[in-house]
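# fold the following for me, if possible:
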Amino acid sequence: MGRHGAHPLAGGGGQDGTACRVVRGCLAGGHAKGWLAAGSSPPRRRPLTSLLQFPLTVSMPPSVPIRGAREAERLARGTSRWEGQPDNSIPRQTNVITAAAWAQPPRGPGHKGPGGAAERPAMQVPSPSMREAASMYGTAVAVFLVILVAALQGSGPPESPFPYRIPLDPEGTLELSWNVSYAQETVYFQLLVRELKAGVLFGMSDRGEMENADLAVLWTNGDRAYFADAWSDQKGQVHLDAQQDYQLLQAQRTAQGLSLLFRRPFSTCDPRDYLIEDGTVHLVYGILEQPFSSLEAINTSGLRTGLQRVQLLKPNISIPALPADVRTMEVRAPDVLIPGQETTYWCYMTELPPDFPRHHIVMYEPIVTEGNEALVHHMEVFQCAAGFQSFPHFSGPCDSKMKPERLNYCRHVLAAWALGAKAFYYPEEAGLAFGGAGSSRFLRLEVHYHNPRKIQGRRDSSGIRLYYTATLRRFDAGIMELGLVYTPVMAIPPRRRPSCSRATARTSARSCRWRAAAQVPTRSGPDRRPPQALPPSGIHIFASQLHTHLTGRKVVTVLARDGRERAIVNRDDHYSPHFQEIRMLKKIVSVHPGARATGAWPTFTEGWDPAGRPGTTSRLPVAGGRGGMEAEARSRLDTQRVTLRGGPMTTRAVAQSHVSVGPEHLSPQVGRLTGLCRLGSQGDVLITSCTYNTEDRELATVGGFGILEEMCVNYVHYYPQTQLELCKSAVDAGFLRKYFHLVNSFNSEEVCTCPQASVPQQFASVPWNSFSRSVLQALYGFAPLDMHCNKSSAVRFQGEWDRQPLPKIVSQLQAPAPRCPASQGLSPAGPTVANISGGQG
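I've put the predicted structure just below:
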């Protein structure tokens, strides 16, 4: 506590709605001089909730030239960046500087500029009068707002500078809003803190852990408040980052609480920082209940912490206009009493009006009951199978024994929303058809309630609002399922941390056309050709929903053409099975069929090694050179009339449970499965890969429908709709039997290979040593696949689908190198000092 009984974060002081600006400084220890606030007086400990009256207290930086618009923008906001030495003590030799003074810094005789050995002595600029201070403050705020709006032009809907908003904690104490400037490659954050005590911690980490996190921290030592870029180590200890990349722009007290505005570049080239990229971002937060003498005194293990998952980098796309005759329909939960347990999936059945004609859904958006924003995690609306005349009414937990079995036939997704997502728009030339002949009237709403505090007594009527039109658009939109068949022949060895294992499902577009659509006439005579499942002009993918079960960690779908990867359809390197949403793509991806009908198969290429480095191949471990395990596996597989290719086995080699290994050691960290959909022998290929973490499992994880089994799926949304609804594969079962026999003979008949044993039983009896892992990797790297190319009726297209060989992908897309900010090196090594002036303590 402060000398006057209140520390700087306790509350009080200042007037609501008044903003302040801050200047980054290098802390040198000692006392600060000069305050820029109404009623200047010697400082006393003030509440942080009155941050509306910051003094501009900083250490004078080295003299550096102004570098264009970016520095001018910082000056207009009253902020800057420079080199400095970190020191968490109270500043000793600090000065008040204005934007004008910083724009033309005096140059002492010993100054040598940035990077020079000598620097000019610190200089104190006289404190301005109260009127001058108010004028400068108002000008700075106005200029800042103009710059911010200009910077975010085209980055989001024009109605709000911060269009995206989520609650961070279940109680709604912390609320985050943000927007994205792709021109600046920067995310602007606005954090609203209600009931602020001694500070707050916000940041990002790979999987939502508080250890090894990239953090922005607002804290007090009892005398002053500070804001700093920080990081936590493996024990949760917080450290000041030598490169300050979270930049505080504004602090403002509002009627709701303290609002902090700060920004962070996508990439900082700081090894301690998180790289903000496409896909899921795990946000972390912590509440500080008491002052800390220094930043290093904070350990996250002693804080009330939590995580929230979002997609920060929303696509920068134009929103199509809605038709004049658009109507709305709300599918909502019927005043549900939210159970007082952490996780609940609630199912509710409803139906369309009788004789509801055919319409196009052109947009949908969430409806979340006020007060439940932190509890409603995600929602989906499914349409039921048209083959049933009726479905029973039901409203209750989806895992209830009372749930009718028929509800399992309601799987066709009409709409999906997850926390942090905005409204979903279809392209102006396409809409999702529902209603009319051949379409079921019955819908199932599924709501996931995430209630970690086990709050009791909340009622909820959340749901999804559908926007639909009777004026049908040019194309029907369709949904195609890519990836792996739900079968136990795909498997991931136990005790595997995320890395590369890959199983492939590939289907030929021409193969899918191969006598595919019965209603399409075929030619007669020698020029007879199969009818087409895909139009000659191809299809256009505009959205994607990735899906795995509990061990999924990464998912990516890549488009390849002529043996070369051309585009990423969707990628999520921080995927979470607890955060699945339909995401609009930044660019529409066009997929074209091949020139002639052929089979379907997976691919075999280079990829990512266990450390995540692109373009690195992996080899089978060699014990004793070529005469080791690789030769042993080759010899034994040859005996089984199977050829094991020599040379490198790559981390992206086709696998149903592909174990990635390095050339010098067996990696215990791998589990990646891949499914491919090939669109003709000369057509495009859609490659879907999933990475898993099974380090906490004792048995192999096999594919299947159960939550403890695994899936690797991408539901792509495209137009025009075709009959092709499923394009997946699985390793040939005969080759898998050869694997079990080989491992059995190598391990003294330990594996049950009797005919009555199921595939999961056989995998459960495999001793997971280096040999069994290596041979499984090899098998998935070359074994042929059984393809599944199905119509919406679940009937497979005609064609040769069994034991299809693997073609080769000769060139892969490489991950782009992170771009370092142009201002790197101008950052101070100390936190922003946020002293408080005025008001009552």
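
# number of residues surrounding Arg697?
When neighbours are counted by other Cβ atoms under 10 Å, Arg697 registers 18. The way it works is simple: take the backbone N, C-alpha and C, and place the C-beta from them, glycine included.

# how about the one 10 residues further on?
Ile707 has 11 neighbouring residues, counting by other Cβ under 10 Å.

# same check, this time on Pro320
Neighbour number of Pro320 under other Cβ under 10 Å is 14.

# who's in contact with the nearest residue to it once chain neighbours are set aside?
Of all residues not flanking Pro320 in the chain, Glu428 sits nearest, at 3.9 Å (Cβ to Cβ, 6 or more residues apart in numbering). Going by Cβ atoms under 8 Å, 6 or more residues apart in numbering, Glu428 touches Pro320, Ala321, Arg473.

# stretch 184-202 spans what distance, first to last residue?
The first and last residues of stretch 184-202 sit 22 Å apart, counting by Cα to Cα, to the nearest Å.

# mind listing what's buried in that stretch?
By neighbour count on 16 or more other Cβ atoms under 10 Å, the buried set for stretch 184-202 is 184, 186-193, 196-202.

# ok, now which ones touch Leu414?
Leu414 touches Ile361, Tyr364, Val381, Phe382, Gln383, Leu432, Phe434, Leu443, Leu466, counting by Cβ under 8 Å, 6+ apart.

# to clarify, my last question referred to Thr305.
Leu201, Met210, Val284, Tyr285, Gly286, Ile287.

# what of Phe262?
Phe262 sits next to Tyr188, Phe189, Leu191, Ala216, Phe227, Tyr246, Gln247, Leu248, Leu249 when contact means Cβ under 8 Å, 6+ apart.

# give me the pLDDT for it.
For Phe262, the model assigns a pLDDT of 94.

# ditto for the one 4 residues further on
Reported pLDDT at Phe266 in the predicted model: 96.

# next: Gly340.
At Gly340, pLDDT is 94.

# contacts for stretch 338-351 next, please.
Defining contact as Cβ under 8 Å, 6+ apart, one finds that stretch 338-351 is touched by 331, 333-334, 336, 372, 375, 391-399, 403, 407, 410, 441-452, 454-456, 458-460.

# now those residues: which count as buried?
With burial judged by 16+ other Cβ under 10 Å, the buried subset of those is 331, 333, 336, 372, 375, 391, 394, 397-398, 403, 407, 410, 441-451, 455, 458, 460.

# show me the residues you listed that map onto strands.
331, 336, 397, 410, 442-450, 460 (DSSP state E).

# ok, of those, which one's closest to Leu240?
Leu240 lies nearest to His450 out of those, by Cβ to Cβ, at 33.3 Å.

# how about the closest one, what does it touch?
Each residue near His450 by Cβ under 8 Å, 6+ apart is listed here: Pro170, Glu342, Thr343, Leu375, Val376, His377.

# the fourth one and Glu428, how far apart?
Just to be clear, that refers to Leu375. Distance, Leu375 to Glu428, by Cβ to Cβ, to the nearest Å: 35 Å.

# ok, the second one next?
Distance from Glu342 to Glu428, counting by Cβ to Cβ: 41 Å.

# in contact with Asp453, which residues?
One correction, residue 453 is Arg, not Asp. Neighbour list for Arg453: Pro170, Glu171 [criterion: Cβ under 8 Å, 6+ apart].

# isn't Glu710 up against Thr548?
Yes: when contacts are counted by Cβ atoms under 8 Å, Glu710 is listed as touching Thr548 (6.4 Å).

# which one of these two has more residues nearby?
Using other Cβ under 10 Å, the more surrounded residue of Glu710 and Thr548 is Glu710, with 29 against 23.

# neighbours around Ala255, how many?
6.

# go on, Val326?
Here the number of neighbours of Val326 (other Cβ under 10 Å) works out to 15.

# do the same with Ser748
The number of residues packed near Ser748 is 8, by other Cβ under 10 Å.

# got the phi and psi for it?
Backbone torsions of Ser748, given as degrees, to the nearest 10, read phi 60, psi 50.

# now the one 10 residues further on
Summarising the backbone geometry of Ser758 under the convention degrees, to the nearest 10, its torsions are phi -80, psi 170.

# you'd agree it is up against Pro488?
Yes: counting by Cβ under 8 Å, Pro488 is a contact partner of Ser758 at 7.3 Å.

# show me which of those two is the more surrounded one.
Pro488 (21 against 11).

# how near is that one to Asn769?
According to Cβ to Cβ, Pro488 and Asn769 sit 21 Å apart.

# and if you look at Ala815?
Noted for Ala815: a distance of 33 Å to Asn769, by Cβ to Cβ.

# what of Ile298?
Taking Cβ to Cβ, one finds Ile298 at 45 Å from Asn769.

# when those two are compared, which one has more neighbours?
More crowded of Ile298 and Asn769, by other Cβ under 10 Å: Ile298, with 23 against 13.

# with adjacent residues omitted, what lies nearest to that one?
Sequence neighbours aside, Val238 is the residue nearest to Ile298 in space, at 4.2 Å (criterion: Cβ to Cβ, 6+ apart).

# and the helix or strand hosting that neighbour, which strands flank it?
Element membership for Val238 (DSSP states H and E) is strand 238-240. Using DSSP bridges, strand 238-240 pairs in its sheet with strand 225-232 (antiparallel).

# avg pLDDT for the strand it pairs with?
94.

# need the three-state assignment for Ala730.
strand (DSSP: H, G, I helix; E, B strand; the rest coil).

# my bad, should have said Phe162
coil.

# how far away is it from Asn316?
Note on Phe162: its distance to Asn316, by Cβ to Cβ, is 15 Å.

# try Gln250
24 Å.

# what's the answer for Pro354, then?
Counting by Cβ to Cβ, the gap from Pro354 to Asn316 is 43 Å.

# for Asp562, same thing?
30 Å.

# what's the answer for Leu813, then?
Look at Leu813 and Asn316: by Cβ to Cβ, they are 21 Å apart.

# these two: which is more packed in?
A count of neighbours by other Cβ under 10 Å puts Leu813 above the other of Leu813 and Asn316, at 17 against 13.

# on the three-state scheme, the nearest residue to that one once chain neighbours are set aside is what?
Once flanking residues are discounted, Leu813 sits nearest to Glu565: 4.4 Å by Cβ to Cβ, 6+ apart. Three-state call for Glu565 (three-state DSSP): strand.

# who does Glu565 form a beta bridge with?
For Glu565, the beta-bridge partners are Ala560 (DSSP bridges).

# got a list of what it touches?
With Cβ under 8 Å, 6+ apart, Glu565 has these contacts: Val558, Leu559, Thr605, Ile687, Ile809, Ser811, Gln812, Leu813.

# can you tell me how far the residue lying closest to the second one once chain neighbours are set aside sits from Leu585?
To tie it back to what came earlier, the one meant is Leu559. Nearest residue to Leu559, sequence neighbours excluded (Cβ to Cβ, 6+ apart): Ala567, at 4.6 Å. Taking Cβ to Cβ as the measure, Ala567 falls 10 Å from Leu585.

# please identify which of those two sits among more neighbours.
Comparing Ala567 with Leu585 by other Cβ under 10 Å, the one with more neighbours is Leu585, at 20 against 17.

# so how far is Asn570 from the more buried one?
Leu585 sits 7 Å away from Asn570, going by Cβ to Cβ.
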